[in-house]
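>>> Based on what follows, work out the 3D shape:
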Amino acid sequence: MYYLVDTNVFLHSICDEIYRVADLCKKNETDITVTETILNELEPGYYLEIEDDTAKDVYNSVYNLTYGAMGVKRIRLVKLDDIPGAKEELKRIRKKFYSWMSDANYIKFLISQGKITVDDIKKKNFRNKDLGECELIAIAKTTENEYQIVTNDKGKVFLHPEQNLFDDYASNIGLVVLSGKEWLKKIGYKSE
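Below you'll find the model as predicted:
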């Protein structure tokens, strides 16, 4: 079993215990997996305007465990290009839930309603909102029960909370989506 772990789980559920949790998963012959997007989202400054040491420590831990920078490789990097059909599935998901981001008239409407600002759409992470979750769903769908998604995200589509990636899409196709707390219990993690 592979666990596709979302950004928010690293930042909020296991931020101080990444090495211990990754080691436990490896001992249980399960793997924590991440995509390049998840790694990018963990980089300090991606979401937060001000870098903080906690975010930097989380990024360094995940990066080191993914690339074996400290001699220990416990997190597996999954590339969409390596999974047949995953890139195409990601395109379908993004089109279904995020095609509005390419509609200039709709963007102007959102700005006029005060839902976003011109500064918001200039930020580097605007067009990639929820991309990590979409990738996790695409991978889990195209690999048929090989992966389970671990996220604390509620799945609400950016600026469209009435739409939900996990409720409207993932659960309808039978994907397993665990919260960080459910996952830690499932793998038998006990905090010290």
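
>>> okay, CA-based contacts and neighbour counts for the rest of this
OK.

>>> what about the strands in this structure?
Along the chain, the segments classed as strands by DSSP state E run 2-5, 31-34, 75-77, 147-150, 156-157, 160-164, 177-178.

>>> what would those strands look like in CSV with mean pLDDT and distance to residue 115?
Formatted as CSV, the strands of the chain follow (pLDDT from 0 to 100; distance: least, C-alpha to C-alpha, whole Å):
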stretch, mean pLDDT, distance to residue 115
strand 2-5, 96, 29
strand 31-34, 96, 31
strand 75-77, 96, 35
strand 147-150, 94, 29
strand 156-157, 90, 14
strand 160-164, 88, 10
strand 177-178, 92, 29
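
>>> got CSV for those strands, with distance to residue 119 and mean neighbour count too?
Converted to CSV, the strands of the chain look like this (distance: least, C-alpha to C-alpha, whole Å; neighbours: other C-alpha atoms under 10 Å):
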stretch, distance to residue 119, mean neighbour count
strand 2-5, 30, 24
strand 31-34, 30, 22
strand 75-77, 33, 20
strand 147-150, 31, 24
strand 156-157, 20, 16
strand 160-164, 19, 12
strand 177-178, 33, 20
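
>>> correct me, but residue 142 touches residue 82?
No - counting by C-alpha atoms under 8 Å, residue 142 stays clear of residue 82, with 11.3 Å between them.

>>> which one of the two has more residues nearby?
More neighbours surround residue 142 than the other of residue 142 and residue 82, with 18 against 9 (other C-alpha atoms under 10 Å).

>>> who's in contact with that one?
83-86, 89 (C-alpha atoms under 8 Å, 6 or more residues apart in numbering).

>>> Quick one: mean pLDDT for the longest helix along the chain?
As assigned by DSSP state H, the longest helix anywhere in the chain is helix 53-67. Helix 53-67 carries an average pLDDT of 89.

>>> mind giving me a markdown table with the strands of the chain and columns for distance to residue 109?
As requested, those are arranged in a markdown table below (distance: least, C-alpha to C-alpha, whole Å):
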| stretch | distance to residue 109 |
| --- | --- |
| strand 2-5 | 35 |
| strand 31-34 | 35 |
| strand 75-77 | 39 |
| strand 147-150 | 34 |
| strand 156-157 | 17 |
| strand 160-164 | 14 |
| strand 177-178 | 33 |
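
>>> what does stretch 159-178 contact?
If you take C-alpha under 8 Å, 6+ apart as the criterion, stretch 159-178 is touched by 97, 115, 134, 137, 140-141, 145, 148-152, 154-157.

>>> Grab the two from those residues that are most spread out in space.
115 and 145 (37.5 Å; C-alpha to C-alpha).

>>> Spatially nearest residue to residue 147, not counting backbone neighbours?
residue 2 (4.7 Å; C-alpha to C-alpha, 6 or more residues apart in numbering).

>>> give me every residue that touches the one you found.
Shown in contact with residue 2 (C-alpha under 8 Å, 6+ apart): 30-33, 146-148.
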